[in-house]
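Undergrad: Let's see this in three dimensions:
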Amino acid sequence: MKVLVTGHEGYIGSVLAPMLRAAGHHVVGVDSGFFREAGDGQADLPRKDVRDLTVSDLAGCQAVVHLAALSNDPMGNLQPELTYAINYQASLQLAELAKAAGVQRYLFSSSCSVYGLASADEFATEESPLNPLTPYAISKVRTEEDVAKLASEAFSPVFLRNATVYGWSPRFRSDLVLNNLAGWAFTTQEIRILSDGTPWRPIAHVQDIARAFLAMLEAPRAAIHNQVFNIGANAHNYQVSRLAEIVQQTFPDCHVHYAEGGAPDPRSYRVDFSKLARLVPEYRPAWNAPRGAEELLGAYRGTQLTLEDFNGPRYVRLAQLKQLVQSGALDETLRWRN
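TA: Numbers count the residues shown, from 1 in each chain. You can find the predicted model right below:
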């Protein structure tokens, strides 16, 4: 199958693209190149902004995996109008182009953050009320709603609400909860928790997220057509304090530090993943938090992770974009100047 993957040089994309190729698919990569130094490097297209795609870019593709986005809440809050343009308008436009080009399947990378502050006593299902609290989460909800309207006998959108991702990747991010706690432990021997530790988060390893996209590409149409799926596993809902304990048990000579006056994070939700297991039984997650913490320890040792890299543009998306704008390489709309 010929598959166009947007954001193929990103945190998930740099794991997914080789996985798709290994499964026999032909991958056409589209990426803005903001984080290119650690990208996959095997794209069939040059650096390209997802906002500028045309029907011709989709010629011969049977499927689209749309990962490209301003990728987390701090980036979305920095310039909400850009989050709207890139995460919502460009995503809807790509779906329209894909349908016009005869693409049969459109996989959209959404997020469990659409549930926002949910009841601590209940697990959010795909039918639960949505409570997006940030421009990033709002953009995901709007895209889901409007792309779903494009569904037809010939065009099948699928919406993957990913749990919070963790684990090592060729395009690593240090701003995700388990990666972040582990990074503080490794570089300072202090596991820093900015909240009171009570918020719930479902987490999933980046390789398991990639496996879910592969499973959705290959699943029978009847099982996935115009469906929303929470991506993760029921056993992998953790409170932040429990994740800190796991890191403390894995990383030597470190301790947990709660920020003074840390309040509960308004984003707290436990998620039910039963629908995924029921309708796409081929998908089986292979990772859990303790194993992921062990992997991170080995990766941090192997790369000799420093505090500067951990907190800087190399591994923090927002810091890299700010650096590119301040240097003049990008304009204020995050387009390359040359």
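Undergrad: Following element in sequence after the helix or strand of the chain with the lowest mean pLDDT, please.
TA: Between all helices and strands in the chain, the lowest mean by mean pLDDT, DSSP states H and E belongs to helix 73-78, at a mean of 62. Per DSSP states H and E, the first helix or strand lying C-terminal to helix 73-78 is helix 80-83.
Undergrad: Give the other helices and strands that that following helix contacts.
TA: helix 135-148 (3 or more CB pairs under 8 Å, 6 or more residues apart in numbering; DSSP states H and E). Where C-beta positions appear, they are placed from N, C-alpha and C, glycine not excepted.
Undergrad: Would you mark the buried spots in the helix it packs on?
TA: 135, 136, 137, 138, 139, 140, 141, 142, 143, 144, 147, 148 (16 or more other CB atoms under 10 Å).
Undergrad: do the same with stretch 201-210
TA: Neighbour count says stretch 201-210 has 201, 202, 203, 204, 205, 206, 207, 208, 209, 210 buried, by 16+ other CB under 10 Å.
Undergrad: again, but for stretch 307-322
TA: 309, 310, 311, 313, 314, 315, 316, 317, 318, 319, 320, 321.
Undergrad: for that stretch, the distance to its chain's centre please.
TA: From the chain centre to the centre of stretch 307-322 is a distance of 17 Å (CA atoms, centre = their mean, to the nearest Å).
Undergrad: Low-confidence ranges, this protein, go.
TA: 37-46, 72-78, 120, 262-264 (pLDDT under 70).
Undergrad: Now do the strands in it.
TA: Applying DSSP state E to the chain gives strands spanning 2-6, 26-30, 63-66, 105-111, 123-124, 156-162, 164-166, 190-193, 200-205, 227-231, 237-239, 255-258, 270-271.
Undergrad: now what about the fifth one, what contacts it?
TA: The set of residues external to strand 123-124 that reach it, using CB atoms under 8 Å, 6 or more residues apart in numbering, is 112, 115, 118, 230, 234, 237, 269, 270, 271, 272.
Undergrad: what does the first one give?
TA: With CB under 8 Å, 6+ apart as the contact definition, strand 2-6 has outside contacts at 13, 16-17, 20, 25-31, 50, 53, 57-58, 60-68, 94, 98, 103, 217.
Undergrad: Quick one: buried ones out of those?
TA: With burial judged by 16+ other CB under 10 Å, the buried subset of the contacts of strand 2-6 is 13, 16-17, 20, 25, 27-31, 50, 53, 57-58, 61-68, 94, 98, 103, 217.
Undergrad: Run a quick neighbour tally on residue 157.
TA: Counted with other CB atoms under 10 Å, the neighbours of residue 157 add up to 26.
Undergrad: meant to ask about residue 79
TA: 17.
Undergrad: Can you give me the distance of it to residue 332?
TA: Here residue 79 is placed at a distance of 8 Å from residue 332 (CB to CB, to the nearest Å).
Undergrad: Over to residue 171?
TA: From residue 171 to residue 332 the distance is 24 Å (CB to CB).
Undergrad: next one: residue 26
TA: Residue 26 is 36 Å from residue 332, where distance means CB to CB.
Undergrad: now swap in residue 17 and tell me
TA: 30 Å.
Undergrad: next one: residue 65
TA: As defined by CB to CB, residue 65 lies at a distance of 29 Å from residue 332.
Undergrad: next one: residue 193
TA: Using CB to CB, residue 193 is found at 34 Å from residue 332.
Undergrad: out of the two, which sits in the busier spot?
TA: residue 193 (22 against 8).
Undergrad: Tell me who's in contact with the closest residue to that one other than its chain neighbours.
TA: With CB to CB, 6 or more residues apart in numbering as the criterion, residue 193 has its nearest non-adjacent residue at 5.1 Å, and that residue is residue 258. Residue 258 sits next to 193, 196, 197 when contact means CB under 8 Å, 6+ apart.
Undergrad: In a markdown table, list those residues along with distance to residue 161.
TA: Formatted as a markdown table, those follow (distance: CB to CB, whole Å):
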| residue | distance to residue 161 |
| --- | --- |
| 193 | 25 |
| 196 | 26 |
| 197 | 24 |
